[in-house]
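1. Kindly return the folded structure for what I paste below:
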Amino acid sequence: MQMNRRFFLHKGALAVAGTTALPGFLVRSVLAETAGTANRRMVVIFQRGAADGLNVVVPYREKNYYAMRPSIAIPQNQVIDLDGFFGLHPAMTSFKPMFDAGQLAIVHAAGSPDMSRSHFDAQDFMESGTPGIKSTEDGWLNRALQAEDQNRRRRQETAFRALALGPEVPRTLAGKIPAIALNNVNSFSVAGRGPAPSPAANAFEAMYGSSGDHIFHAAGEETFEAVKMLRAANPAQYQPAAGVDYPNSEFGNRMKQVAQLLKSNLGVEAAFTDIGGWDTHQNQGSVDGQLSQRLRDFSESIAAFWRDMGDDAENITVVTMSEFGRTAHENGTGGTDHGHANAMFVLGGNVKGGKVYGKWPGLNNDQLNEGRDLALTTDYRQVLGEVVSKSIGASNMDLVFPGARIAPNGFLQLV
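-> Sure, this is the predicted structure:
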């Protein structure tokens, strides 16, 4: 099989180690960032499985919330109060300091306008940014990077501009801008050093000898020496900032690696990762239980990442989403079924946090979507559109979200 860039970018899992600078021959000059968006970076986190937004960001002043969830509702006296109406699940104590510091914003009753209750279709639609249209081939974040390029004068671009922590490039990053998937920075091996080279390492090495792509423009031997140099930095020895302790979980490890790569001066602009386990049809739990465990891992990993980034956090925006929410009523097995609207988190140095954004639709029976779900009042593309336009300078919303008619006058002004 002939090795080419498309195969590597979509099937490989390249991993890199931390370093203080990328070798000059891996960098090319192109049109640069406009003032105000220089060095801005995005981290996108997908909660796969449909998180229960009503137990994540709890509308604890809604009487019907407790009537509909007799065994799984979060008691008022255990909710982490945010504004007198909404509160966080008690497993999310690590989010409260960021909210109080004005760095964390929440958008409730947000999500995709598509009514699908299929995990596969809903995730695909959210990642493509074109709900209801299955023919879209690329992802919204890749198009956002393309839109960013339209507003640049000069900048430095590297092979690591867009990356995902996971086994393959996700739908969100598919498209014209090259993207790389990294499964684990500690397992990448080259040229006989360490464990046997992984398929991704072999693919990467094979590409260098023949690729004419601008990203790998250097001669094969010279470029591969650069990768060996990156590996020699020994990523297993990475130490987070003083006092930062990531959860010992897959997601915690991924967030630690995102921090490591962002600190490595590799030119990362957009990073993506995901976390599963949100499909709580049975035994969801209330203060304790299945959802609580997932929320603790989720929130503590993100909070550790934020503290780990230190002063660099000023130029980073983190946004979270899930394919849809869950039913307002609990089901007969102590869980919730596939719903509609959900809650999104936006964390950043330039975020106007400390507030729950969006129009609240209410939880009275006649206010529910189809009589069963939290109704949607904010299209998730309005949130993402504002984030990419005000953080990385991707202002062409027709390119980022074709056909959506996303306009600045519809932004929530959270960035």
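2. contacting residues for Met98?
-> Residues in contact with Met98 (Cβ atoms under 8 Å, 6 or more residues apart in numbering) are Leu104, Ala303, Trp306, Leu347, Gly353. Every C-beta, even on glycine, is put in place using the N, C-alpha and C of the backbone.
3. so what's the fourth one closest to, chain neighbours aside?
-> Nearest residue to Leu347, sequence neighbours excluded (Cβ to Cβ, 6 or more residues apart in numbering): Val318, at 4.2 Å.
4. Quick one: end-to-end length of stretch 313-332, please.
-> 44 Å (Cα to Cα, to the nearest Å).
5. now do stretch 305-318
-> 10 Å.
6. Would you indicate which residues of stretch 358-374 are buried?
-> Residues Gly358, Trp360, Pro361, Leu363, Leu368, Asn369, Arg372, Asp373, Leu374 are the ones in stretch 358-374 that count as buried (16 or more other Cβ atoms under 10 Å).
7. Strands of this protein, start to end?
-> Taking DSSP state E as the test, the strands found in the chain are 28-30, 41-47, 57-59, 80-81, 86-88, 104-111, 155-157, 162-165, 180-182, 270-275, 316-322, 342-348, 355-357, 378-379.
8. Ok, which of these comes nearest Ser286?
-> The closest approach between Ser286 and any of the strands of the chain, judged by Cβ to Cβ, belongs to strand 57-59 at 10.5 Å.
9. Direction included, what does that closest one pair against?
-> Here strand 57-59 is paired, per DSSP bridges, with strand 86-88 (antiparallel).
10. pLDDT averaged over the partner strand - what is it?
-> Average pLDDT, strand 86-88: 98.
11. which other residues reach stretch 56-74?
-> Residues outside stretch 56-74 that contact it (Cβ under 8 Å, 6+ apart) are 54-55, 76, 79, 81-82, 84-90, 92, 106, 108, 284-287, 295, 328-330, 334-336, 343, 356, 360, 362-365.
12. meant to ask about stretch 170-179
-> For stretch 170-179, the external contacting residues (Cβ under 8 Å, 6+ apart) are 5, 9-10, 44, 46, 123-124, 127-128, 137-143, 145-146, 159, 161-164, 169, 181, 213, 215, 270, 272, 274.
13. Export only the CA atoms of that stretch, formatted as PDB.
-> C-alpha atoms of stretch 170-179 as PDB (Å, rounded to 0.1, in the frame of the first residue of the first chain):
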ATOM      1  CA  PRO A 170     -11.900  12.900  14.700                       C
ATOM      2  CA  ARG A 171     -14.600  14.200  12.500                       C
ATOM      3  CA  THR A 172     -14.300  17.700  14.000                       C
ATOM      4  CA  LEU A 173     -10.700  18.100  12.600                       C
ATOM      5  CA  ALA A 174     -11.200  16.400   9.200                       C
ATOM      6  CA  GLY A 175     -10.600  18.600   6.200                       C
ATOM      7  CA  LYS A 176      -8.100  20.600   4.200                       C
ATOM      8  CA  ILE A 177      -5.900  21.700   7.100                       C
ATOM      9  CA  PRO A 178      -3.600  18.700   8.000                       C
ATOM     10  CA  ALA A 179      -4.400  17.200  11.400                       C
END
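14. What is the distance between that stretch and the centre of its chain?
-> Remark: stretch 170-179 is offset 14 Å from the chain centroid, using Cα atoms, centre = their mean, to the nearest Å.
15. average pLDDT across that stretch?
-> Rounded mean pLDDT across stretch 170-179 is 93.
16. ok so, going back, would you list the strands of the chain in TSV and tack on mean neighbour count and distance to Ser71?
-> Shown next, in TSV, are the strands of the chain (neighbours: other Cβ atoms under 10 Å; distance: least, Cβ to Cβ, whole Å):
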stretch	mean neighbour count	distance to Ser71
strand 28-30	12	57
strand 41-47	24	23
strand 57-59	24	15
strand 80-81	16	21
strand 86-88	22	19
strand 104-111	26	23
strand 155-157	18	53
strand 162-165	26	36
strand 180-182	24	40
strand 270-275	24	25
strand 316-322	25	22
strand 342-348	27	21
strand 355-357	19	25
strand 378-379	19	29
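17. can you tell which of the ones you listed is closest to Lys96?
-> Minimum separation from Lys96 across the strands of the chain (Cβ to Cβ) falls at strand 80-81, 5.5 Å.
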